[in-house]
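K.L.:
I need the structure of the sequence given here:
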Amino acid sequence: MRTERNLMRLTYQKSTTAGSLRAERSNPIFGQRLLRRFALRNDRSRPPALFRRNGRLQHEQRGWWFVLFLALVVPWWWPNGLHAEARQTLTVQMVEAVLRHHVLQQGPWQSAQVEVVVRSLPPVSLPTGPVQLQVLRPREGITPGVQSFHLAVKVEGKQIKTVWARAEIQVFDDVMVTSRALAYAEAITPADVRLERREVSALHTRTFTKLEDVDARQAARAIRVNEILTPTMVQLPQVIRPRSLVTLVYENAKLRVEAPGEAMDGGKVGDVIRVKNLSSGQLLQGQVRDSREVIIR
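P.N.:
Residues are numbered from 1 along each chain as shown. Presented below is the predicted three-dimensional model:
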């Protein structure tokens, strides 16, 4: 009898984050149900059970429901599905080959002189099939250095998309390079230079490509070793020095007259210098022909 009264006065206390819940009932049937539920919850050796709460079927362990959810939803959510069609990627090698052909058509260089290096290319996914690239811009005005190219991408003749690519155009040539450092006005000999393949994209002047171009010349300034020689860096040697005696020559198609003279200026072959006619004392101007003669004009 006491046990039944205790069951009738059963108290269920449960600690939660919101506070404390207390339930008291005097119904013996309710007490028996509450005892049975409390015993099931404390019996951890039992397998997971299904309970009906608020009209819904719930499971103590929901891991299997999550796995089932992934198995059904992921194939539809994943880009293009799990059974997507085969794709291919636009590669840097494809773009470099097309740009190189375009540069050779538009530029003045030979095939062995030009190299094209792609510096920036966004990822492009394409359907399978033969890929063709067409350069939309620029169509002309190709210069060495980094440029942007607008490309049309086609697969089996059908344009899929357009893409921008940044590429560097490099131009190479066999040029004369110094083998040692040269001082100002130092004569250049074949042992002082060599022919070497160098990038000339950044040079805005012509270069020497043969030994004969620099032979019998001298340095117009101090030149470092391994430096590419350009026309502004070399000069013809001075063949006439100031106050040196020369021969003044007056000539035309039918007449040649010579007179002794004195150079007032120094000069190289082809330079125009001042000279003095020693016979008359007159100052004249003439062009240096060699180390002995000055042609009076």
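
K.L.:
ok so residue 100 is a helix residue?
P.N.:
Yes. Under DSSP: H, G, I helix; E, B strand; the rest coil, residue 100 sits within a helix.

K.L.:
next, count neighbours for it.
P.N.:
Residues lying near residue 100 (other CB atoms under 10 Å) number 17. The way it works is simple: take the backbone N, C-alpha and C, and place the C-beta from them, glycine included.

K.L.:
residue 143 now?
P.N.:
Neighbour count of residue 143, defined by other CB under 10 Å: 12.

K.L.:
these two touch, right, it and residue 171?
P.N.:
No. In this structure, residue 143 is not within contact of residue 171 by CB atoms under 8 Å, at 9.5 Å.

K.L.:
quick one: the helices in the stretch 151-297 of the chain, in order.
P.N.:
For the stretch 151-297 of the chain, applying DSSP state H, counting those that start in this stretch gives no helices.

K.L.:
relative to residue 236, how far out is residue 203?
P.N.:
To residue 236, residue 203 is 22 Å away according to CB to CB, to the nearest Å.

K.L.:
brain fart, residue 189
P.N.:
Taken as CB to CB, the span from residue 189 to residue 236 is 15 Å.

K.L.:
out of these two, which sits in the busier spot?
P.N.:
residue 236 (15 against 11).

K.L.:
check contacts around the nearest residue to the more buried one once chain neighbours are set aside.
P.N.:
Of all residues not flanking residue 236 in the chain, residue 268 sits nearest, at 4.1 Å (CB to CB, 6 or more residues apart in numbering). Contact partners of residue 268, counting by CB atoms under 8 Å, 6 or more residues apart in numbering, are 235, 236, 237, 238, 239, 288.

K.L.:
closest to residue 218 out of the residues you listed?
P.N.:
When the contacts of residue 268 are compared for distance to residue 218 (CB to CB), residue 237 wins out at 4.7 Å.

K.L.:
and that closest one, what does it touch?
P.N.:
By CB under 8 Å, 6+ apart, the residues touching residue 237 are 185, 187, 216, 217, 218, 268.

K.L.:
return the members of those residues classed as buried.
P.N.:
Neighbour counting by 16 or more other CB atoms under 10 Å classes 217, 218 among these as buried.

K.L.:
torsion angles phi and psi at the most centrally placed residue in the chain?
P.N.:
For the chain, residue 119 is the residue whose C-alpha lies nearest the centre (CA atoms, centre = their mean; 2.6 Å). Here is the backbone geometry of residue 119 (degrees, to the nearest 10): phi -100, psi -30.

K.L.:
distance check, residue 201 against residue 291.
P.N.:
Residue 201 is 41 Å from residue 291, where distance means CB to CB.

K.L.:
neighbour-wise, which of these two wins?
P.N.:
For residue 201 and residue 291, the more surrounded residue by other CB under 10 Å is residue 201, and the numbers stand at 16 against 13.

K.L.:
wait, the more buried one sits on residue 142?
P.N.:
No. In this structure residue 201 lies outside contact range of residue 142 using CB under 8 Å: 11.8 Å.
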